[in-house]
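**Student:** Attaching a predicted model along with its sequence, questions to come.
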Amino acid sequence: MKFQFTPEYLPKNVFSDKCCEEFKKKIFWEIEKTTGKVNALTGQRRDEKGNRDKLSCISQGHNGKHFNILAPNEITTEWIWWFINKFNIPVCELYLKPFNFDRLGCICCPFSRTVQKELDTLEIYAPNLKKQAEILWKPSFSEMRRIGYRLRKKGSAKQTTIFDFMD
């Protein structure tokens, strides 16, 4: 997403793959720093993929060790849902039908691999939320659609994939 670092884009739209660090992780680092205590338990899972593929049960935090209680390979998404259902644990409605989101973060984050699926779902079940996301991420979404990256072009029935370029 190189366009995000161009002079035309940067002055009014400063975000990157470091957004999660800035808006989520930094808060916990500040709490650790001010309290002197470690935010020792995380909900990160290996089967979420991405940066978490090699996650270990114990990792080094800014102020000490963190225990990633959901990191073992045996703790899968299926197991988590079994646990939630067995013990009747309330969860955010976006994880449930009709939305069925796998993960939650910033709404329709351009760095999400499932951003098109999220937009499609919101279009049906929460159109105003989709409109908000389209406004928030307009410069990124416009470029992503223009180059056919993660988002299909407006009016297109199908998203372009790498397989579209193979003979």
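**Tutor:** Cool, got the structure.

**Student:** C-terminal to the helix or strand of the chain with the lowest mean pLDDT, what's the next element?
**Tutor:** For the chain, scoring each helix and strand by mean pLDDT, DSSP states H and E identifies strand 41-42 as the least confident one, at a mean of 75. Remark: after strand 41-42, the chain's next helix or strand is strand 58-60, criterion DSSP states H and E.

**Student:** just checking, what packs against that following strand?
**Tutor:** Using 3 or more Cβ pairs under 8 Å, 6 or more residues apart in numbering; DSSP states H and E as the contact criterion, the secondary-structure elements in contact with strand 58-60 are strand 65-68. C-beta here means a position set from N, CA and C on the backbone, and glycine is covered the same way.

**Student:** The strand it packs on packs against which elements?
**Tutor:** Using 3+ Cβ pairs under 8 Å, 6+ apart as the contact definition, the elements that strand 65-68 packs against are strand 41-42, strand 58-60.

**Student:** hmm, who's touching the shortest one?
**Tutor:** Read that as strand 41-42. Outside of strand 41-42, the residues within contact range by Cβ atoms under 8 Å, 6 or more residues apart in numbering are 66-70.

**Student:** Please indicate which of these are buried?
**Tutor:** Buried members of the contacts of strand 41-42, counted by 16 or more other Cβ atoms under 10 Å: 66, 68, 70.

**Student:** what residues are up against the residue nearest to the first one when sequence neighbours are not counted?
**Tutor:** So that's His66. Counting by Cβ to Cβ, 6 or more residues apart in numbering, His66 lies nearest to Ser59, which is 5.0 Å off, once chain neighbours are set aside. Taking Cβ under 8 Å, 6+ apart, we find Ser59 in contact with 65-66, 68.

**Student:** wait, which of those residues is closest to Gln44?
**Tutor:** Sorting the contacts of Ser59 by distance to Gln44 puts Asn68 at the head of the list, at 5.2 Å, by Cβ to Cβ.

**Student:** now the closest one, which residues is it bridged with?
**Tutor:** Following DSSP bridges, Asn68 is listed with bridge partners Thr42.

**Student:** Pretty sure it sits against Gln44.
**Tutor:** Yes: in this structure, Asn68 sits in contact with Gln44. The criterion is Cβ atoms under 8 Å, and the distance is 5.2 Å.

**Student:** Just give me the neighbour total for the closest residue to Ile69 other than its chain neighbours.
**Tutor:** Using Cβ to Cβ, 6+ apart and skipping the chain neighbours, the partner closest in space to Ile69 is Leu41 (5.7 Å). If you count neighbours by other Cβ atoms under 10 Å, Leu41 ends up with 10.

**Student:** just Ser56 next, same as before
**Tutor:** Look at Ser56: counted by other Cβ under 10 Å, it has 11 neighbours.
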